[in-house]
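S.K.: show me the folded form of this:
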Amino acid sequence: MKRILIALAVLLTVQLADAQVKSPADAKKAVESAAAAAENPKKAIKPATWIKLATAYIDAYEAPMGNAWVGAGLQELTLLMGGEKPVSTEQVTLSGEQYTKQVYPTRNYYFNAAGQLAIIEVTKPVFADPLAEALDAYHQAYKVDEKGSKTKDIVAGIKNISAKYLSDGMNWYMLDSLRLASISFGKAADAVAEAPVNETDTTAAYNAGFTAWAIKDYKDAATWFGKCIDAGYFEDGEVYAKLADCQLNLADTTAAVSTFEKGFEAFPQNQSILIGLINYYIGTGDNPDELFSLIDKAKENEPNNASLYYVEGNIYKQLGKYDEAKEAYLKSNEINPDYEFGLIGIGVMYYDRALELQEEAQNEFDDAKYTALVEQFEAALKSAIEPFEKAFEVTKDENIKSSIAEYLKNIYYRFSSTDEKYMEGYKKYDAIVSGR
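M.R.: So this is what the prediction gives:
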């Protein structure tokens with residue numbers, strides 16, 4: 001699976017090196033003992049009874065993992081685990097990354113190329129879903145805690161469960177099990193959504209939606225993305241774009257267009273929203289003037305916002321209106337001479353157009369037409385040089401400079417045998433790209 005950016009920091013389930021988890025057998029006995037106490041009518045009215053049961057289930061969740069933690073080193077764990085040896089060891093590939101997989105009776109450990117434990121996969125849990133049982137026990141504790149004396153402890157316990165579900169989701173994601181990842185992320189969000197926590201975990205909700213969207217479960221994904229928007233979490237507009245995509249796939253075109261437009265008003269620079277809107281108008285044959293109406297409305301609010309003219313240029317480019325695109329790009333640079341993206345937009349437009357003409361030429365069998373297409377290709381490519389070089393001088397971002405230099409290196413190389421100035425240009429930008 002191609003790894004796609006997901007809005008989730010790497011979660012580390014950290015245990016102290018000298019903290020010993022219970023064995024699965026002992027953890028099961030502790031749950032049975034705590035469950036028996038909870039069945040006692042006199043003890044069942046005490047929140048402490050249910051908190052103890054919740055804790056026992058969490059211990060049961062951790063028991064099969066052994067005395068290891070994500071981020072621990074292979075050599076470190078070898079020493080700490082003493083005589084416990086893996087049943088087998090093998091090299092595996094997950095999402096293009098190499099891991100050393102150690103198989104134990106109750107779990108698998110995956111060590112990355114740096115020798116750090118990256119994934120703990122439980123293969124023999126003590127109970128089917130101990131975290132769900134723990135969560136239910138905390139809810140029972142909250143229910144009987146009439147004075148609220150244990151609310152703080154209960155909230156902390158529920159948040160701990162949510163964090164573990166979130167960690168499980170990341171593990172399943174890394175193991176390319178996106179369905180299970182989505183379920184775990186959803187459970188993480190649901191755990192804290194109810195009383196007594198009453199919080200929206202937007203990271204968990206977004207990832208539940210993202211992974212559901214990735215496996216084309218558009219109905220579930222739309223629900224989670226909708227919750228993100230309700231909570232004011234937008235991921236720079238990507239939530240709107242993905243929600244609209246879900247709605248399109250669910251054949252709710254009206255809702256999709258509305259979502260795109262709301263997202264565009266809030267995040268006019270988001271390319272996913274912009275392309276989604278353009279594709280919609282082109283695909284349906286509807287009048288794309290609505291896009292320009294939205295841009296004009298944004299300009300009224302921010303007349304000196306150069307990025308809005310850059311976005312307008314992108315729209316014209318996508319529609320194949322290159323003269324209008326160039327005009328809009330130039331306007332963005334006119335409004336703010338330090339705004340490099342308008343100049344980059346012109347350069348990329350000419351460069352992309354050159355590639356299109358090159359492909360047309362390669363598929364043309366008529367010599368005269370082929371020659372004409374090659375001339376157009378070379379003219380477009382040369383037209384990209386000036387705006388790219390101006391953008392290179394304007395930008396202060398070294399990463400952007402490097403990207404522009406890559407374009408210019410390729411262009412100059414194409415003509416390096418025709419004129420010494422092109423060879424000099426190639427050498428200049430090749431040195432920049434190479435870091436010489």
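S.K.: distance between the one helix or strand residue 108 maps to and the chain's centre?
M.R.: Element membership of residue 108 [criterion: DSSP states H and E] is strand 107-111. Its chain's average C-alpha position is 24 Å from that of strand 107-111, according to CA atoms, centre = their mean, to the nearest Å.
S.K.: may I see the buried residues of it?
M.R.: Using 16 or more other CB atoms under 10 Å as the test for burial, strand 107-111 gives 107-111. Quick note: C-beta positions are derived from backbone N, CA and C, even for glycine.
S.K.: pull the most distant pair out of the residues you listed.
M.R.: Using CB to CB, the pair of the buried residues of strand 107-111 lying farthest apart is 107 and 111, separated by 13.1 Å.
S.K.: how close does residue 47 sit to residue 160?
M.R.: 16 Å (CB to CB, to the nearest Å).
S.K.: and what of residue 323?
M.R.: 60 Å.
S.K.: who has more neighbours, these two?
M.R.: residue 160 (17 against 8; other CB atoms under 10 Å).
S.K.: which residues touch that one?
M.R.: Residues in contact with residue 160 (CB atoms under 8 Å, 6 or more residues apart in numbering) are residue 58.
S.K.: quick one: it from residue 262, how far?
M.R.: 36 Å.
S.K.: residue 43 too?
M.R.: Taking CB to CB, one finds residue 43 at 53 Å from residue 262.
S.K.: residue 385: neighbouring residues, count only.
M.R.: 19.
S.K.: can you check residue 128 too?
M.R.: 7.
S.K.: again, but for residue 430
M.R.: 18.
S.K.: wait, it touches residue 410, no?
M.R.: No: counting by CB atoms under 8 Å, residue 430 stays clear of residue 410, with 9.7 Å between them.
S.K.: what about the strands in the stretch 1-150 of the chain?
M.R.: For the stretch 1-150 of the chain, the strands defined by DSSP state E, counting those that start in this stretch occupy 88-94, 97-103, 107-111, 117-122.
S.K.: and those as CSV, adding mean pLDDT and distance to residue 231?
M.R.: Supplementary listing: the strands of the stretch 1-150 of the chain in CSV, determined by pLDDT from 0 to 100; distance: least, CB to CB, whole Å:
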stretch, mean pLDDT, distance to residue 231
strand 88-94, 96, 31
strand 97-103, 96, 32
strand 107-111, 97, 33
strand 117-122, 96, 29
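S.K.: can you lay out those as CSV showing distance to residue 152?
M.R.: Formatted as CSV, the strands of the stretch 1-150 of the chain follow (distance: least, CB to CB, whole Å):
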stretch, distance to residue 152
strand 88-94, 39
strand 97-103, 39
strand 107-111, 32
strand 117-122, 29
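S.K.: these: which one's closest to residue 301?
M.R.: Of the strands of the stretch 1-150 of the chain, nearest to residue 301 by CB to CB is strand 97-103, at 45.2 Å.
S.K.: pairing partners for that closest one, with directions?
M.R.: strand 88-94 (antiparallel), strand 107-111 (antiparallel) (DSSP bridges).
S.K.: tell me which residues of it are tucked away?
M.R.: 99-102.
S.K.: for stretch 301-309, same thing?
M.R.: Going by 16+ other CB under 10 Å, stretch 301-309 has these buried residues: 305-309.
S.K.: got the CA positions of that stretch in CSV?
M.R.: C-alpha atoms of stretch 301-309 as CSV (Å, rounded to 0.1, in the frame of the first residue of the first chain):
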residue,chain,number,x,y,z
ASN,A,301,-12.9,40.4,1.3
GLU,A,302,-9.1,40.4,0.6
PRO,A,303,-8.3,42.5,-2.4
ASN,A,304,-4.6,42.4,-1.7
ASN,A,305,-4.4,38.7,-1.2
ALA,A,306,-2.0,37.6,-4.0
SER,A,307,-2.8,33.9,-3.4
LEU,A,308,-6.3,34.4,-4.6
TYR,A,309,-5.1,35.4,-8.1
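S.K.: off-centre distance for it?
M.R.: 28 Å.
S.K.: got the contact list for the one helix or strand residue 203 maps to?
M.R.: Following DSSP H and E, one finds residue 203 within helix 202-214. Outside of helix 202-214, the residues within contact range by CB under 8 Å, 6+ apart are 4, 6-8, 162, 165-166, 169, 173, 178-179, 181-182, 185-186, 188-189, 218, 220-225, 227-228, 231, 233, 235, 239, 242, 245-246.
S.K.: stretch 232-249 too?
M.R.: For stretch 232-249, using CB under 8 Å, 6+ apart, the contacting residues are 7, 200, 202, 205-206, 209-210, 213, 216, 218-219, 221-222, 225-226, 228-229, 253, 255-257, 259-260, 262-264, 266-267, 269-270, 272-273, 276, 280.
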